[in-house]
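>>> got a sequence here, can you model it:
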Amino acid sequence: MSEKRVRNIDVIELDEHEPPLRLEKGGEFIVEDVVENYIILRSENGPSFMVDLPTFEVGFEAVSG
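I've put the predicted structure just below:
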């Protein structure tokens, strides 16, 4: 089974993280899990982090292939 990948379509600042997390436009992430109203993402070489569902729906797009 292949990994599901997404790309953020704009700069996203996640203030609920300590320290705040800034995702530059065009970053690609692996979808690790969906938990209640959050999506757990991970960059290729980085730690996992959570994005709330409303932010995810407007800020990310699927990456094909």
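
>>> P20 reaches F49, doesn't it?
No - P20 is not in contact with F49 according to CB atoms under 8 Å; the separation is 11.1 Å. Using the backbone N, CA and C atoms, a C-beta is placed for each residue, glycine as well.

>>> ok, these two, which is more surrounded?
Shown here are P20 and F49; by other CB atoms under 10 Å, F49 has more neighbours (18 against 9).

>>> tell me if that one really is in a strand.
Yes - counting by DSSP: H, G, I helix; E, B strand; the rest coil, F49 falls inside a strand.

>>> give me the pLDDT value at it.
Per-residue pLDDT puts F49 at 93.

>>> relative to the whole chain's centre, how far out is stretch 24-38?
3 Å (CA atoms, centre = their mean, to the nearest Å).

>>> in that stretch, what's buried?
G27, F29, V31 (16 or more other CB atoms under 10 Å).

>>> closest to the centroid, which residue in the protein?
L41 (4.5 Å; CA atoms, centre = their mean).

>>> nearest residue to that one in space, please, no chain neighbours.
F29 (4.1 Å; CB to CB, 6 or more residues apart in numbering).

>>> show me which strand runs longest in the chain.
Once the chain is assigned using DSSP state E, the strand that runs over the most residues is strand 28-35.

>>> residues in contact with that strand?
3-8, 39-44, 48, 50, 60, 63 (CB atoms under 8 Å, 6 or more residues apart in numbering).

>>> hmm, who's touching the helix or strand containing V58?
Element membership for V58, per DSSP states H and E: helix 53-59. For helix 53-59, the external contacting residues (CB under 8 Å, 6+ apart) are V6, N8, I9, D10, I12, L14, N37, Y38, I39, V51.
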